[in-house]
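Undergrad: Sequence plus predicted model, see below.
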Amino acid sequence: MEMILSSLAPHPRPKLKLETYVLDSKSASYVLTMAGYVYDDVVGKTIIDLGCGTGVLAIGAALIGAKFTVGVDIDRDSIQVAKENASQIGVDVNYIAGDIAAIHHSFDTALMNPPFGSWSRGADVNFLAKALDISTITYSLHKRSPGSRRFLTDKVSSLGGKVDRVFEVTMRLPKTYPFHQKKNYLVNADLYRIQRAEQNHSRT
């Protein structure tokens with residue numbers, strides 16, 4: 001899985017205001033392993049990748065047996081690369097270029113690596129709110145910082161969900177923007193597995 005995902009094309013023109021970064025293949029494989037094999041939340045399920053970028057998580061989900069996979073990103077360049085990546089690997093992923101706010105269909109599982117909110121404050125919370133609104137289970141990567149787990153756990157609760165588990169992940173971000181001085185940056189992150197409180201959500 002990791003080798004296949006590492007062969008995918010990156011974004012040709014990353015956009016800082018959208019916090020465009022490539023999710024490294026090792027971290028993506030870890031997310032997919034946890035969601036697809038440790039927990040049975042991918043195989044035979046309907047999957048949505050919110051803020052899919054170049055399609056790493058959506059393509060990985062399709063590879064391991066998702067029933068139906070959708071990737072959504074507001075950046076049309078990302079979607080174009082994602083479509084080309086899916087075609088290269090030979091998997092069927094439905095991609096939508098648009099705002100996640102416009103998505104209303106229900107899914108079994110959401111997989112996402114949302115913006116950290118470094119440039120657009122609260123962006124990560126907006127993604128969590130949408131994921132909890134349309135999916136039963138959510139796997140979401142977030143940058144780890146002092147107090148971040150308590151903040152996100154409380155925020156998820158206020159949105160009608162419950163943090164089931166938190167797994168530590170070390171993400172490797174490649175040099176992406178002119179101000180980056182190093183070839184790679186290691187970022188301490190957390191992968192949250194979140195369950196929606198069904199009693200608070202009756203939509204089908």
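TA: Here it is on my side, so go on.
Undergrad: can we go C-alpha only for contacts and neighbour counts from here?
TA: OK.
Undergrad: And the helices in this protein?
TA: For the chain, helices defined by DSSP state H occupy the ranges 2-6, 25-33, 56-63, 76-89, 123-134, 148-158.
Undergrad: contacting residues around the third one?
TA: Same thing as helix 56-63. Helix 56-63 is contacted by residues 1, 5, 8, 23, 25, 28-29, 32, 36, 42-43, 47-49, 52, 68-71, 82, 86, 91-93, 111-112 when judged by CA atoms under 8 Å, 6 or more residues apart in numbering.
Undergrad: Weed out the non-buried ones from those.
TA: For the contacts of helix 56-63, a burial check counting by 16 or more other CA atoms under 10 Å picks out 5, 8, 23, 25, 28-29, 32, 36, 42-43, 47-49, 52, 68-71, 82, 86, 91-93, 111-112.
Undergrad: Which parts of this protein are strands?
TA: Taking DSSP state E, the strands of the chain run over residues 46-50, 68-73, 94-97, 107-112, 135-143, 161-174, 184-196.
Undergrad: and the fifth one, what other elements does it pack with?
TA: With contacts taken as 3 or more CA pairs under 8 Å, 6 or more residues apart in numbering; DSSP states H and E, strand 135-143 sits against strand 107-112, helix 123-134, strand 184-196.
Undergrad: how about the second one: buried residues?
TA: It stands for helix 123-134. Residues 123-125, 127-134 are the ones in helix 123-134 that count as buried (16+ other CA under 10 Å).
Undergrad: Ala28: what's its closest spatial neighbour, skipping adjacent residues?
TA: Nearest residue to Ala28 in three dimensions, chain neighbours excluded: Leu57, at 6.2 Å (CA to CA, 6 or more residues apart in numbering).
Undergrad: sorry, back to before: would you tell me which of the helices and strands packed on strand 135-143 gets closest to Ile100?
TA: Nearest to Ile100, of all the helices and strands packed on strand 135-143, is helix 123-134, at 7.2 Å by CA to CA.
Undergrad: Can I get the closest one as CSV, trimmed to CA atoms?
TA: The C-alpha coordinates for helix 123-134 follow below in CSV (Å, rounded to 0.1, in the frame of the first residue of the first chain):
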residue,chain,number,x,y,z
ALA,A,123,-10.7,25.4,9.2
ASP,A,124,-10.1,22.0,10.9
VAL,A,125,-13.2,22.4,13.0
ASN,A,126,-15.3,23.2,9.9
PHE,A,127,-14.2,19.9,8.4
LEU,A,128,-15.0,18.0,11.6
ALA,A,129,-18.5,19.5,11.7
LYS,A,130,-19.2,18.4,8.1
ALA,A,131,-17.7,14.9,8.7
LEU,A,132,-19.9,14.4,11.7
ASP,A,133,-22.9,15.6,9.8
ILE,A,134,-22.6,13.2,6.9
